[in-house]
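**Student:** Here's my sequence, what's the structure:
(chains A and B, ligands or ions: 2)
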Amino acid sequence: MDLSAIIIEPGFFSNQPVQTALVVSAITAVVSAVVGVFTVIRGQSFAGHAFSDIGGAGASGAVLVGAQPLLGFVTLNVAAAGVMEMIGIRRARGRDLATGIVLGVALGFSALFLFLATTYTSTSGATVSILFGSLFTVAPSLIPVVAVLGAFVMALIAILYRPLLLTSIDYELAAVRGVPIRLVGIGYLIALALAVSLSSITIGAILSTALLVGPPATALRLTKRTGTAIAVASAVGVAAAWLGILISYDTASWSADGNGWPVSFCIVAVVFVFYVSASFPSRLGHRVRGHHQEPVKSLEPS
Amino acid sequence: MVLAGRTILDRVSFTVAPGSFTGLIGSNGAGKTTLLKTILGLVKPTSGTVSIGGAAGPRRDPIVGYVPQKIALEPDAPLRARDLIGLGLDGHRYGMTRPSARRRNLIDEILAAVNATRFADRRVGRLSGGEQQRVMIAHALISRPRLLLLDEPLANLDIGSSHEVVELLRRIATDQGIAIVLTAHDMNPLLHAMDRIVYIARGRAVSGTTAEVVRTETLSELYGYHVEVIHAAGRVLVAAGEAGEGKNARTPPAPPDSQVG
Ligand SMILES: Nc1ncnc2c1ncn2[C@@H]1O[C@H](COP(=O)(O)OP(=O)(O)OP(=O)(O)O)[C@@H](O)[C@H]1O
Ligand SMILES: [Mg+2]
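**Tutor:** Ligands and ions are numbered 1, 2, ... in the order given. Here you go, the predicted model:
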């Protein structure tokens, strides 16, 4: 038995659910990272959380009527993006109470729909799979849908790239330069809504923002350039997703009854480990700077 | 200008010439920001017009540059000072930034012009207020506007930095022939730099040279009660004087600079 067989349990790559999981999670991780960097720059991770609550209700409703959860996530999140644009995301955040109540009601509906679905239909396990994800049960037929949605989000962000940065500095400044700020705002919210939807079917509605915020937060510790941050965040996201899948698969092979650790937990745990390790170089840097009083070279060439 | 049923500014009229330096002076809530936004076209005046430039300059060049009072970027945001300045060049275009030597040179030039080369590669969100102010000025200047509007560029700056920023703006106006209009609640740091002052109070404004406007008679008429303009140690103080008799017997609200020592 060689070393690689210990690290990667036999059957990992030939296992069909694993293959689907690797593909879906990679697309999701890249999309989440790209959108997430802008979410952090624009200070809108609040909207991401809102989408995860609202999308959960949509997916639960979809399960209840026998539709694909992804359809529920996407439909309700895109609708929510429209509503957020109408009332103004900044104002929504300012109105803590009203927003909190709306999001609470959304979670309440998730609870109701999931209760009804598990009680009256044969969809046992829907609760866990909607809220906490079940990457290994994603149907291979969903891959093309995920790929198309992912490509759409990436194209949207690529087109809106500069106006998104300009509006994040000051939206009136952008308006003065002739940027259609409402159009850019709604375009970004739709990208975010779709990214959270994809992330929700990968690691569950509740954990979905972990892929959205974690890898970008890790990247921001390592670089101060937008483009590099997007690349690093994508790499971190994919690495975390794949490592998480591997750990989950391995723990299943090791255990006697074939039940491994939940893949969502494994992915989120790896995201967290990456984030914490990325904090060390900068802390080290501060110490070096303090002692030698010379600027520390950043990670990228300037 | 009527906002939410309240008349904020009424019958305000002034002109600025290329290369001139104009200060819009008024206390908090006087309507300085509202006036700037009207010029920028961000709010529509209830009546009246704003005309800029007459004949347009070189095509595609924006005519007006704007520096907002405060930008709220996350300290961690991966956006360097030079990136933000680059967005002044092409941030309104769709698609991603295409780096080029020409673009880089333009940015380096403008960085040197506003004396910001030192922190060009630092994150904008982590710069100090004064450093951010310079970066935002560079951002506005790089698109070569003919009119540059700045909202309270001296707020949050200490005396030294505020002096530096005023000198910088004065030089830009003269060297590049750009008309500069800025708002401030304290006119003192601007006194020697301003070609014209637009003094706003009680919804109205008087404009002219500082010598014409900053006088006891002119400002008393604007405020509608007696204010005393006091020159002391190279500074100007506008102090509330006696209240007029009869209907205006209660103590008038203090003019902007009355508490400045
Ligand atoms: N959208 C609005 N609707 C109603 N009133 C407004 C609106 N915007 C501004 N105002 C009011 O207009 C007045 C002038 O506001 P403005 O922001 O122009 O003042 P300012 O001179 O810039 O003050 P500051 O020095 O505090 O920045 C204030 O009384 C303000 O409350
Ligand atoms: Mg103001």
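
**Student:** what's the burial count for residue 199?
**Tutor:** Answering for chain A, as no chain was given. When neighbours are defined as other Cβ atoms under 10 Å in any protein chain shown, A:Ser199 has 31 of them. C-beta: built from backbone N, CA, C; applies to glycine.

**Student:** um, chain B though
**Tutor:** Other residues lying near B:Tyr199 total 25 when counted by other Cβ under 10 Å.

**Student:** Adjacent strands (with direction) for the helix or strand where it lies?
**Tutor:** Using DSSP states H and E, B:Tyr199 falls within strand B:196-201. In the sheet containing strand B:196-201, its partner strands are strand B:21-25 (parallel), strand B:204-208 (antiparallel), by DSSP bridges.

**Student:** How about residues contacting it?
**Tutor:** When contacts are defined by Cβ atoms under 8 Å, 6 or more residues apart in numbering or on different chains, strand B:196-201 is touched by residues B:9, B:12, B:14, B:16, B:20-27, B:30-32, B:35, B:187, B:190, B:205-210, B:213-214, B:218-219, B:222-223, B:255-256.

**Student:** What parts of chain A come near chain B?
**Tutor:** Contacts of chain A with chain B, taken as Cβ under 8 Å from any Cβ of the partner chain, map to A:37, A:40-41, A:43, A:158-163, A:165-166, A:168-170, A:172-179, A:217, A:219-221, A:223-229, A:298, A:302.

**Student:** cutoff 7 Å now
**Tutor:** Residues of chain A lying near chain B by Cβ under 7 Å from any Cβ of the partner chain: A:40-41, A:43, A:158-163, A:165-166, A:169-170, A:172-179, A:220, A:223-226, A:229, A:302.

**Student:** ok so, going back, looking at the strands paired with strand B:196-201, which is closest to ligand 1?
**Tutor:** Smallest distance to ligand 1 across those (Cβ to the nearest ligand atom): 8.2 Å, for strand B:21-25.

**Student:** Tell me the helix or strand right after the closest one.
**Tutor:** helix B:32-40.

**Student:** In terms of secondary structure, what does that next one contact?
**Tutor:** strand B:147-150, strand B:179-184 (3 or more Cβ pairs under 7 Å, 6 or more residues apart in numbering or on different chains; DSSP states H and E).

**Student:** tell me the helices in chain B, going along the chain?
**Tutor:** Along chain B, counting by DSSP state H, helices occupy B:32-40, B:81-90, B:101-113, B:129-141, B:159-176, B:210-213, B:216-223.

**Student:** about what we covered before: could you list which of the contacts of strand B:196-201 also contact ligand 1?
**Tutor:** With Cβ under 6 Å from any ligand atom as the criterion, the contacts of strand B:196-201 include B:26, B:30-32 near ligand 1.

**Student:** possible to save the residues you listed as CSV with neighbour count?
**Tutor:** As requested, those are exported to CSV (neighbours: other Cβ atoms under 10 Å in any protein chain shown):
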residue, neighbour count
B:Gly26, 24
B:Ala30, 23
B:Gly31, 26
B:Lys32, 25
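
**Student:** Which single one of these is nearest to A:Trp242?
**Tutor:** A:Trp242 lies nearest to B:Lys32 out of these, by Cβ to Cβ, at 55.5 Å.

**Student:** Not counting sequence-adjacent ones, nearest residue to that closest one?
**Tutor:** Nearest non-adjacent residue to B:Lys32, counting by Cβ to Cβ, 6 or more residues apart in numbering or on different chains: B:Thr183, 3.9 Å away.
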